[in-house]
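Asker: pasting the sequence and the predicted coordinates here, then a few questions.
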Amino acid sequence: MPGAETPTTTPAVPESTVGVSSAPVPTTTSPRDHLTPHRLVVVLLVREYCQYKVSVPTITPAERSSVCLLVLSLVQSPDLDLATTCMKVGEKVPKGLVMSWAGGVARLQEEGVAGVMDLTQSIEKLLTAETAPVNRSSVLGLLLRRVYLSFDKLTFSEVSALRQQLDHYYRAGRHVLARLLEREEGEGDSLEMSLDCDETKGEYKLPSFLPAEFSTDVVEKVGSVSRKQADLLIAQQASLLQTAECAALPPQELQWEISRILTSCPGLPEAHFLSYLNCVRVREVVGGLHSLYASFNQPADHFLAKTSQEEINKGFRYAALNLAAFHSRLNHKEEAMSAIREAITMSQEASDHTCLQHVLSLMYRTVDSEEKQRLMERCIGKCGELSLSYLSSLGIQAFSQHTASTGSKPGVVLELLTRSDVLNCQHSIAELQAMSYTCKAGAWTQYGRPGLACTLAQLLLQLNTADPARGGNNYSGEPTAIALCCVAIRLEVRGFPGQADKVLDMADKMFPADRSQLSKISSSARSRVTMWRALARLDWVQATAAVDSLEAAGVPDAKLLRAELFFKEGRLVEARELVQQMLGVENENVELTVRSLLLLGDIHCSGGDPAGAVQHLVRAAELATSRRLDQLLHLAGLQLANCQLLLGCPARALSLSTSCLAPLLAHASLIDCAKAWLLAAKCKISASEGTGQAERRAQVLEGANMVARAKEGFSTAGDMARVKDCLYLLARLYHSLHLTQERNMAAGQYKKLEDLYPVKTRITMDCLV
């Protein structure tokens, strides 16, 4: 449908951003760092690597970098099981080092406490030797010193518990470790024998005289997470969920990691907030609300003594803000406004101007339209005074879309977006840089230039937004999904369905439905494309299924698409009632109103009442002119020309259709271009009546050429029913011109299409759809 070729979006307050850095203050102290089997295995890898560098002096820089990055990730990440550690070591570490490390792990488990003591004693040599391979103040140096001191402070019972943990840890991953050892033929047999022997041994049991708390069979501390590891994981995953959602952990795996963190660090507010983001990601409303409440609903006696009351109140302010954003996302306006008023009250009491601006940036997306412009202007000005560049740029983009929807000139809209681009470049705000391209594409689509919108979408997809903070991943958020769908829909309406499917497949791959909340954008675009193709094939069942999918997704023009489906099926009464119902409701989307009026005009023309269609088309043209909807304006002019032709004014119809033909051929879809050619041909043929025989023959022949162009357009778009109509009309025209060969060719093509597509259609040119 015209005007719906490029999905547009309104910049929204990123709920995941508000409150992440201002979440409630941690409510529990960090647990003492425990010595775990995972840390022992990492220390063993560090020791073996230091020895490997001495024995193999020709180690390459790539191997050295790979090992160092692996060790750093193992140190910073939560404890992993032995199988996962073996897979990572096997992928990143040189073969000789893999064998020595795997053998060391096997010996460590076989020797038990003695092996652990030998490992910790070797740490001192790594740090105190004359040519110490590890710097004491480095990351690895701090790790080694912490392990050494932790083991030195262990009691006898704690050492015994560590031995049991090591036994559980080793038995869970011994099969993966055996596969690593099998890579080396020379050492594989002897070492594998030791692994087989280990399986015959009984599981290590703690001495019976130990206290009851050490006699459990399941070791609770295996897989524990330190506070620093938890903070790092939460920061990384929260950032990825906002900027590169698919690069984050899968939802189930991330929720499992959050459970591990909460087990080791109970009551950690940041972990609950990350769980909230993960629930929002998979559209789990109840779980998201529960996690959001848990992120700030902590007992008062759990707060740290050194935490000031102001910091605690700040957490509650941002908690109310996040709650308002959550309800706003679900379109619960009353609940959102209630939370907004609460956040405003607390912010005003504390004179927190930053929080007030966050509230204001959310508020102008929740209130009615008459208040939006004033709130936007206030937000932009105050954010500029407070140097809140992100909110200022976001407000400018929202204000640009508001001005575009009210019919402002393109220069005004683009000037606002240029101001936003300056702020984004100055402060390196990648997500708003991408959003700026999306806003420009949406504005040009509204102004009737979908080709420019597609070009801007391609520029966005080519934008280099890689950031080391995201692990080198490019920004892939909502603007990226919209840009992919924009390109796909443009390819579809220009007659390239294969390429459109490839782009949509890429969108589905980047935003899979099982782990991305943005999958609804690509799925809606695919349903729209499916509906267009089904209508072209007159496949009402598939078209109905596609419209049902769009209605379930909450697409704004879903009712209009259903009315169009009814019209195509010949159910004119139902189509007219549905369109009139839409027009009877006050709608801020003027583009949707204009498209509804155009469809209502088509319904009147198809019902034999072109005079009744004129008033609706004139109203559509007035609205399109006031809001600068250029493409819809020319489509309204085209339909008015059709009404003039049906009312017996072919000369005026020819003049109006000819004036609309060039703009539509430059910017409209393939179907609209074919409709324009067909109507211009009809007007030219009708206007030739009463002229001389030679002149009329020339006019009719020119009209036949126009019909042939319309046939090519319909054929490329896959609308075979209209192709048959054009062939029928061509055969009649050639017959009147006594062009027997051309007539027979058109008739033969019609017969072939009738055999391939046996759809009984009414041969009529009284309407354009």
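Answerer: Received it, and whenever you're ready, just let me know what you need.
Asker: how near is Asn601 to Glu569?
Answerer: Heads up, residue 601 is Gly, not Asn. 18 Å (C-beta to C-beta, to the nearest Å). In this view, the C-beta of every residue, glycine as well, is placed from N, C-alpha and C.
Asker: out of the two, which sits in the more crowded spot?
Answerer: Neighbours per residue, other C-beta atoms under 10 Å: of Gly601 and Glu569, the larger number sits with Gly601, 28 against 15.
Asker: in the chain, what spans have low per-residue confidence?
Answerer: 1-33, 130-132, 183-223, 298-307, 369, 469-471, 759-769 (pLDDT under 70).
Asker: okay, which residue is most central for it?
Answerer: Taking C-alpha atoms, centre = their mean, the centroid of the chain lies closest to Leu518, which sits 3.4 Å from it.
Asker: which other helices and strands does whatever helix or strand Lys372 lives in contact?
Answerer: According to DSSP states H and E, Lys372 maps onto helix 369-385. On a contact count with 3 or more C-beta pairs under 8 Å, 6 or more residues apart in numbering; DSSP states H and E, helix 369-385 meets helix 353-363, helix 389-405.
Asker: ok, which of those comes nearest Leu45?
Answerer: Closest to Leu45 of the helices and strands packed on helix 369-385, according to C-beta to C-beta: helix 389-405, at 41.3 Å.
Asker: if we can go back for a sec, which residues touch the helix holding Lys372?
Answerer: For helix 369-385, the external contacting residues (C-beta atoms under 8 Å, 6 or more residues apart in numbering) are 353, 356-357, 360-361, 363-364, 367, 389, 391-392, 395-396, 398-399, 402, 588.
Asker: could the helices and strands packed on helix 369-385 be laid out in JSON lines, adding mean neighbour count and distance to Val93?
Answerer: As requested, those are arranged in JSON lines below (neighbours: other C-beta atoms under 10 Å; distance: least, C-beta to C-beta, whole Å):
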{"stretch": "helix 353-363", "mean neighbour count": "23", "distance to Val93": "46"}
{"stretch": "helix 389-405", "mean neighbour count": "23", "distance to Val93": "41"}
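Asker: rebuild those helices as TSV, extending it with distance to Val618.
Answerer: TSV is the format used below for the helices and strands packed on helix 369-385 (distance: least, C-beta to C-beta, whole Å):
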stretch	distance to Val618
helix 353-363	39
helix 389-405	22
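Asker: past the host helix or strand of Ile123, which element shows up next along the chain?
Answerer: Element membership for Ile123, per DSSP H and E: helix 113-128. Next helix or strand after helix 113-128 toward the C-terminus (DSSP H and E): helix 139-152.
Asker: and that next one, what does it pack against?
Answerer: Taking 3+ C-beta pairs under 8 Å, 6+ apart as contact, the helices and strands that helix 139-152 lies on are helix 37-55, helix 61-76, helix 113-128.
Asker: could you list the buried residues of that helix?
Answerer: Using 16 or more other C-beta atoms under 10 Å as the test for burial, helix 139-152 gives 140-141, 143-145, 147-148, 150-151.
Asker: same thing with stretch 286-296?
Answerer: 287-292, 294-296.
Asker: the helices and strands packed on helix 139-152: which one's closest to Val412?
Answerer: Checking these against Val412 by C-beta to C-beta gives helix 61-76 as the closest, at 49.1 Å.
Asker: residues contacting the closest one, please?
Answerer: Outside helix 61-76, the residues touching it (C-beta under 8 Å, 6+ apart) are 38, 42, 45-46, 49, 80, 85, 88-89, 92-94, 97, 139-140, 143, 228-229, 232.
Asker: quick one: buried ones out of the residues you listed?
Answerer: Looks like these have 38, 42, 45-46, 49, 80, 85, 89, 92-94, 97, 140, 143, 229 buried, using 16+ other C-beta under 10 Å.
Asker: hang on, the earlier thing: so what does the helix holding Ile123 touch, helix or strand wise?
Answerer: helix 37-55, helix 95-111, helix 139-152, helix 156-181.
Asker: what angle separates the helix holding Lys372 from helix 389-405?
Answerer: Put simply, helix 369-385 runs at 150 degrees to helix 389-405, going by axes from the mean of the first three to the mean of the last three C-alpha atoms, to 10 degrees.
Asker: grab the CA positions of helix 369-385 and hand them over as CSV.
Answerer: Listed next in CSV are the C-alpha coordinates belonging to helix 369-385 (Å, rounded to 0.1, in the frame of the first residue of the first chain):
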residue,chain,number,x,y,z
SER,A,369,-0.6,15.2,21.5
GLU,A,370,-1.4,18.8,22.5
GLU,A,371,1.0,18.7,25.4
LYS,A,372,3.9,17.0,23.6
GLN,A,373,5.5,20.0,21.8
ARG,A,374,5.6,22.1,25.0
LEU,A,375,7.2,19.2,27.0
MET,A,376,9.7,18.5,24.2
GLU,A,377,10.9,22.1,24.0
ARG,A,378,11.2,22.2,27.8
CYS,A,379,13.1,19.0,27.9
ILE,A,380,15.6,20.0,25.1
GLY,A,381,16.3,23.4,26.7
LYS,A,382,16.8,22.1,30.2
CYS,A,383,19.0,19.1,29.1
GLY,A,384,21.2,21.6,27.2
GLU,A,385,21.6,23.6,30.4
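Asker: and it, which residues are buried?
Answerer: Of all the residues in helix 369-385, those buried under the rule 16+ other C-beta under 10 Å are 372, 375-376, 379-380, 382-383.
Asker: try stretch 404-417
Answerer: 404-405, 408, 413-414, 416-417.
Asker: adding distance to Leu323, write the residues you listed out as CSV.
Answerer: Listed next are the buried residues of stretch 404-417 as CSV, based on distance: C-beta to C-beta, whole Å:
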residue, distance to Leu323
Ala404, 31
Ser405, 29
Ser408, 35
Val413, 33
Leu414, 36
Leu416, 31
Leu417, 31
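Asker: of the residues you listed, closest to Leu460?
Answerer: Nearest to Leu460 among the buried residues of stretch 404-417: Leu417, at 13.0 Å, using C-beta to C-beta.
Asker: might one say that that closest one is in contact with Phe399?
Answerer: No: using C-beta atoms under 8 Å, Leu417 makes no contact with Phe399, being 9.8 Å away.
Asker: show me what stretch 498-511 is in contact with.
Answerer: With C-beta under 8 Å, 6+ apart as the test, stretch 498-511 has contacts from 245-246, 476, 480-481, 484-485, 487-489, 491-492, 516, 518-519, 521-523, 525-526, 529.
Asker: please narrow those residues to those residing in helices.
Answerer: Among the contacts of stretch 498-511, the ones falling in helices (DSSP state H) are 480-481, 484-485, 487-489, 491-492, 519, 521-523, 525-526, 529.
Asker: quick one on the thing from earlier: for Gln309, find the nearest of the helices and strands packed on helix 113-128.
Answerer: Using C-beta to C-beta, these put helix 139-152 closest to Gln309, at 34.3 Å.
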